[in-house]
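Chemist: Predicted model, plus sequence, below.
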Amino acid sequence: MLNVEEALEQILDVLEPLPITNISILEADGMVLAKNIISQIDIPPLDNSAMDGYAVKSDNVQNASPSLPIALRVVGTTAAGQLPFQSLVDGHSVRIMTGAPIPLGSDAVIPFEETSDNSNELNVTSNNEVLILHPAFQGKNIRQAGQDVRKGDKVITAGTVLRPAHIALIASLGKSKVAVHRPPVVAVLATGDEITKPGHQLTKGMIYDSNSYGIASSIKEAGGKPVVVGIARDNVDSIERKLFEIKDCDLIITSAGVSKGDFDIVKNVLKKNGAIQFHSVRMKPGKPLAFGLLEQKNSSVPLIGLPGNPVSALVAFEQFCRPAIRLMSGHKLIARTTINAVLDDTIDNPDGRRVYARVHAYKKKDVYHASLTGEQSSNILSAMGKANGLAICPENKTSINAGEDVTVMMLYWNAEVF
Ligand code: AMP
Ligand code: MG
């Protein structure tokens, strides 16, 4: 039976980053930039004021002090968005607002607080003069054209995961669209005779479909676009019909029907309509797990068949589907971060699999600890809901005892867990 790394390698081997698409910058956060961003402009475009105050010639105010202020004639006002005052001569100043272009001939801005105009109301002397109370060096409070970005600069490198600051930066260059790797469209299909769509009446013997919803939101969190296909019944015809309804997707994720029961036929459907590469992995939970390629009209689509038990489905999603989605989205970093923690409870591993225990990791006196969040059976979804991480017991250990170190794969950081 394959171990987790071997199984993941087989999946990742058939995948590659999806083609480049140009999308609105409003849609692009979290996506991977596919082409370098080169600026066509200087930012800021003009020398402009960093403060509300008076634009002056610094030579004129070198000896200014509160006891010996220097009077300058106020010859105009410039606000942000206006053109620069054309030529400032000795003895003159221009009232100027933050972001407004610096008058030609001026080389410093004295903030209002350092003048007689120390309220925000126009407060110059009757003959239209302002008193400067402090000297200024050349360039004081002036933001130079191109100080942030110069025309021709490479501002963001291809491969960067776009965050709010990058989106703002791209907008500041005047671009409304950006080239990213297209996020994968991922179809989600639940299987099982007992499965009912939430929002409908539950009849005896039936249970609600939780997998489709947990998987769809995991796909979104990983950066993919989920398409929930619905529920197929436990027969070849029903599963085939649903699978062939799926159009234009990059990955199919099914749940259930991959273990050894009488009605576990997803594997058979995959064998019949494509190729199956493996159907179990040495892990717990998540041992029944199928991967193969489903032949569609003109192409073959990778299909990951997750187990039916809700915890197994989500844990196996983390190990295989999330990295697959991230690789297809162009991410270089496809693995979750792990931490070392002191285990508060014991994890047993009787049959030599890789165990992923649901834990709450927390910091106590600068040391991470991890506590089991409840019963560890693969149907106990409530314990998964309380977890912010998965503590890993390797195949070659029969247990990790309370007080020993454990590696925790973090699913959420700084999340409040109740
Ligand atoms: P199976 O892999 O079909 O043997 O299913 C294993 C367990 O998972 C069974 O108890 C199923 O009822 C349960 N299960 C299967 N599909 C779902 C689903 N979509 N939502 C919640 N539980 C499910
Ligand atoms: Mg079943």
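Modeler: Good, I have the coordinates. Ligands and ions are numbered 1, 2, ... in the order given.

Chemist: Alongside ligand 1, which residues does the stretch 101-250 of the chain contribute?
Modeler: Within reach of ligand 1 by Cβ under 6 Å from any ligand atom, the stretch 101-250 of the chain has these residues: 190, 192, 194-195, 207, 209-212. No exception for glycine: its C-beta is placed from N, CA and C like everyone else's.

Chemist: Run through the residues that contact whatever residue of the stretch 51-200 of the chain ends up closest to ligand 2.
Modeler: Nearest residue of the stretch 51-200 of the chain to ligand 2 (Cβ to the ion) works out as residue 192 at 4.3 Å. Residues in contact with residue 192 (Cβ atoms under 8 Å, 6 or more residues apart in numbering) are 231, 233-234, 256-257, 308.

Chemist: Among these, which lie within strands?
Modeler: Among the contacts of residue 192, the ones falling in strands (DSSP state E) are residue 231.

Chemist: What residues does the protein have near ligand 2?
Modeler: For the chain, the residues in contact with ligand 2 (Cβ under 5 Å from the ion) are 192, 256.

Chemist: got the residues of the stretch 251-400 of the chain near ligand 1?
Modeler: Neighbours of ligand 1 within the stretch 251-400 of the chain, by Cβ under 6 Å from any ligand atom: 255-257, 259, 261, 264, 307-310.

Chemist: which among the residues you listed end up buried?
Modeler: The neighbour-count criterion (16 or more other Cβ atoms under 10 Å) marks 255-257, 259, 264, 307-310 among those as buried.

Chemist: now for the residues you listed, which pair is the farthest apart?
Modeler: Within these, two members stand farthest from each other by Cβ to Cβ: 264 and 310, at 16.4 Å.

Chemist: quick one on the thing from earlier: now the buried ones among the residues of the stretch 251-400 of the chain next to ligand 1 in TSV, with pLDDT?
Modeler: Putting those into TSV (pLDDT from 0 to 100) gives the following:
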residue	pLDDT
255	98
256	97
257	95
259	89
264	84
307	97
308	97
309	98
310	98
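
Chemist: Please produce TSV containing the residues of the stretch 251-400 of the chain next to ligand 1, extended by distance to residue 15.
Modeler: What follows is those, written out as TSV (distance: Cβ to Cβ, whole Å):
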residue	distance to residue 15
255	20
256	24
257	23
259	25
261	30
264	26
307	21
308	24
309	26
310	26
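
Chemist: Identify, from those residues, the entry nearest to residue 129.
Modeler: Proximity of these to residue 129 (Cβ to Cβ) peaks at residue 310, which lies at 77.3 Å.

Chemist: can I assume the closest one is in contact with residue 212?
Modeler: No. Using Cβ atoms under 8 Å, residue 310 makes no contact with residue 212, being 10.6 Å away.

Chemist: OK, contacts around the residue of the stretch 201-350 of the chain found nearest ligand 1?
Modeler: The nearest approach of the stretch 201-350 of the chain to ligand 1 comes at residue 308, 2.4 Å away (Cβ to the nearest ligand atom). The neighbours of residue 308, taking Cβ under 8 Å, 6+ apart as the test, are 191-192, 211, 255-259.

Chemist: Kindly indicate which of the residues you listed lies nearest residue 381.
Modeler: Nearest to residue 381 among the contacts of residue 308: residue 211, at 9.9 Å, using Cβ to Cβ.

Chemist: Figure out the helix or strand that residue 312 lives in.
Modeler: Element membership of residue 312, judged by DSSP states H and E, is helix 310-316.

Chemist: Just after that helix, pick out the following helix or strand.
Modeler: Next helix or strand after helix 310-316 toward the C-terminus (DSSP H and E): helix 322-328.

Chemist: what separates the next helix-or-strand element following that following helix from the chain centre, distance-wise?
Modeler: For helix 322-328, the following helix or strand on the C-terminal side (DSSP H and E) is strand 338-343. Here strand 338-343 is found 24 Å from its chain centre; the criterion is Cα atoms, centre = their mean, to the nearest Å.

Chemist: For strand 338-343, the averaged confidence score.
Modeler: Averaged across strand 338-343, the pLDDT comes to 96.

Chemist: what's it packed up against?
Modeler: Judged by 3 or more Cβ pairs under 8 Å, 6 or more residues apart in numbering; DSSP states H and E, the packing partners of strand 338-343 are strand 354-364, strand 367-372, strand 389-393, strand 405-410.

Chemist: I'd like to know which of the ones you listed lies nearest to residue 322.
Modeler: Residue 322 lies closest to strand 405-410 among these, at 10.6 Å (Cβ to Cβ).

Chemist: angle of that closest one against strand 338-343?
Modeler: Computed by axes from the mean of the first three to the mean of the last three Cα atoms, to 10 degrees, the angle separating strand 405-410 from strand 338-343 equals 130 degrees.

Chemist: Direction included, what does strand 405-410 pair up with?
Modeler: Using DSSP bridges, the strands paired with strand 405-410 are strand 338-343 (antiparallel), strand 389-393 (antiparallel).
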